[in-house]
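# below is the sequence, then the predicted model.
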Amino acid sequence: MKKVMILFGMFYSINVFSQIGINIKKPQAPLHVDVKGDTNGLANTIDDVVIDANGNFGIGTIIPTNRLEVHGNSVVTSDDLVNGNLDAKTISAQGGIRIGKDNVTNVQSSLEIYGNGFGTGLRLENEPQINDTNLRYVPVMTQKSNDGVLAWENLPMVTTTIEGMVNKAIIKENWTDVTPTITLDEPGYWIIFISFTVHTGYVGPSNENRSNIFLQLVNATTGIEITRGASPTESMGLRVGSPQFMHVLKVDNPITVKARAKCNFNINIEDGQWGDPKFYAIKIN
């Protein structure tokens with residue numbers, strides 16, 4: 001009978017006060033656990049665990065304002081799924097978040113992401129898209145305004161291709177224009193590509209006197225050389241297929257360019273042997 005009365009008294013006290021305290025005489029929530037038994041009002045609550053009348057779960061706080069509120073460090077050893085907004089609060093005087101580095105108390109930027117030396121600190125990946133003009137597009141981060149706002153845009157890998165011509169010229173000892181001019185009016189990086197076939201003719205060098213064809217890309221307006229390359233020739237009466245010249249040119253302002261060539265003896269540019277002559281400018285991002 002005595003045991004029955006004790007159990008009745010326990011259930012009665014639970015129903016009256018609707019609070020359960022573990023290691024605390026005066027619980028301040030329906031369920032209140034004070035691990036160290038030292039809680040005093042709102043003091044010494046870093047070791048407390050509570051479930052309040054609203055169903056909020058607090059760890060390290062006895063007045064949680066969210067469904068789960070943790071005051072102190074936490075470790076997640078498996079996947080953490082967030083089906084809503086993730087609001088990362090300021091963690092230092094400078095503000096910001098640091099990912100991938102142990103010291104998280106001295107963040108200097110709004111977001112700092114570090115790699116471990118074996119990979120990239122940040123990787124954002126998306127499948128290239130095909131637009132109406134069949135250009136492959138990739139997402140890139142661009143600054144949208146002067147206030148530093150960044151946004152993702154789909155920009156094409158190749159935006160413009162300009163197809164020029166190669167003159168069926170005779171290359172001589174002095175610089176000879178071998179292409180008409182083309183104008184690059186979009187800022188950015190351009191690949192300049194030149195290819196053609198040459199024929200030494202029947203009055204030409206012997207094997208021991210063979211020379212190089214020197215190719216030169218110049219600013220057609222100023223005549224100033226941008227860069228140059230070289231391609232070998234063959235001996236008398238033979239052809240050399242597709243001497244190639246390729247250069248990546250950074251364009252800040254519109255520029256008109258052309259190609260010139262020279263050789264120690266006369267040599268003809270031909271087509272129809274190893275493909276037609278080619279002169280391209282390809283804009284890339």
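Cool, the structure landed.
# going forward, measure contacts and count neighbours with C-alpha atoms only.
Noted.
# domain assignment for the chain?
2-70, 129-155, 161-284 (automatic domain parsing).
# confidence-wise, which of those is weakest overall?
Across those, domain 129-155 has the smallest mean pLDDT, namely a mean of 57.
# where along this structure do the helices fall?
Along the chain, the stretches classed as helices by DSSP state H are 2-17.
# and residue 33, how many neighbours does it have?
Neighbour count of residue 33, defined by other C-alpha atoms under 10 Å: 23.
# show the contacting residues for it.
21-24, 27, 48-50 (C-alpha atoms under 8 Å, 6 or more residues apart in numbering).
# just those now: which is nearest residue 41?
Of all the contacts of residue 33, residue 41 sits closest to residue 27, with 9.9 Å by C-alpha to C-alpha.
# if I look at the closest one, how far off is residue 37?
11 Å (C-alpha to C-alpha, to the nearest Å).
# ok, these two, which is more surrounded?
Between residue 27 and residue 37, counted using other C-alpha under 10 Å, the more crowded position is residue 27 (21 against 15).
# residues contacting the more buried one?
Residues in contact with residue 27, defined by C-alpha under 8 Å, 6+ apart, are 19-21, 33.
# go with 10 Å
Contacts for residue 27 (C-alpha atoms under 10 Å, 6 or more residues apart in numbering) come out as 17-21, 33-34, 39, 41, 50, 62.
# same thing with residue 19?
Counting by C-alpha under 10 Å, 6+ apart, residue 19 touches 13, 26-32, 51-53.
# I'd like the contacts of residue 33 as CSV, with distance to residue 216 appended.
CSV is the format used below for the contacts of residue 33 (distance: C-alpha to C-alpha, whole Å):
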residue, distance to residue 216
21, 87
22, 86
23, 87
24, 88
27, 87
48, 78
49, 77
50, 78
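# of these, closest to residue 170?
So of the contacts of residue 33, ranked by how close each gets to residue 170 (C-alpha to C-alpha), first place is residue 49, at 89.9 Å.
# does the closest one really touch residue 36, like I thought?
No: using C-alpha atoms under 10 Å, residue 49 makes no contact with residue 36, being 11.2 Å away.
# check which residues of stretch 220-231 are buried.
For stretch 220-231, burial by neighbour count (16 or more other C-alpha atoms under 10 Å) applies to 220, 228, 230.
# quickly note the distance from the last one to residue 53.
Counting by C-alpha to C-alpha, the separation of residue 230 from residue 53 is 83 Å.
# again, but for residue 266
With distances taken as C-alpha to C-alpha, residue 266 is found 97 Å from residue 53.
# ok, the two, which is more surrounded?
Neighbour comparison, residue 266 and residue 53: the larger count goes to residue 266, with 16 against 12 (by other C-alpha under 10 Å).
# that one and residue 233 touch, don't they?
No: the criterion here is C-alpha under 10 Å, and residue 266 misses it with residue 233 at 11.0 Å.
# got the end-to-end distance for stretch 45-62?
Using C-alpha to C-alpha, the end-to-end distance of stretch 45-62 comes out at 7 Å.
# with stretch 168-186 instead?
Termini of stretch 168-186 sit 29 Å apart (C-alpha to C-alpha).
# hmm, residue 219 is touching residue 259, no?
Yes: Residue 219 lies in contact with residue 259 (C-alpha under 10 Å); the separation is 9.0 Å.
# more neighbours, those two?
Using other C-alpha under 10 Å as the criterion, residue 219 and residue 259 rank with residue 259 on top: 27 against 17.
# beta partners for that one?
residue 217 (DSSP bridges).
# next, show the common contact partners of residue 219 and residue 259.
Listed as contacting both residue 219 and residue 259 by C-alpha under 10 Å, 6+ apart are 181, 225-227.
# from those, which is closest to residue 282?
residue 181 (14.6 Å).
# residue contacts, that closest one?
Contacts of residue 181 (C-alpha under 10 Å, 6+ apart): 164-165, 218-221, 256-259.
# as TSV, those with distance to residue 190 would be great.
Conversion of these to TSV gives the following (distance: C-alpha to C-alpha, whole Å):
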residue	distance to residue 190
164	14
165	17
218	14
219	14
220	16
221	18
256	12
257	12
258	14
259	15
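# these: which two are farthest apart?
Farthest-apart pair in these is 165 and 221; separation 18.2 Å (C-alpha to C-alpha).
# burial measure for the nearest residue to residue 51 once chain neighbours are set aside, as a count.
Once flanking residues are discounted, residue 51 sits nearest to residue 57: 4.7 Å by C-alpha to C-alpha, 6 or more residues apart in numbering. Number of residues near residue 57 (other C-alpha under 10 Å) recorded here: 21.
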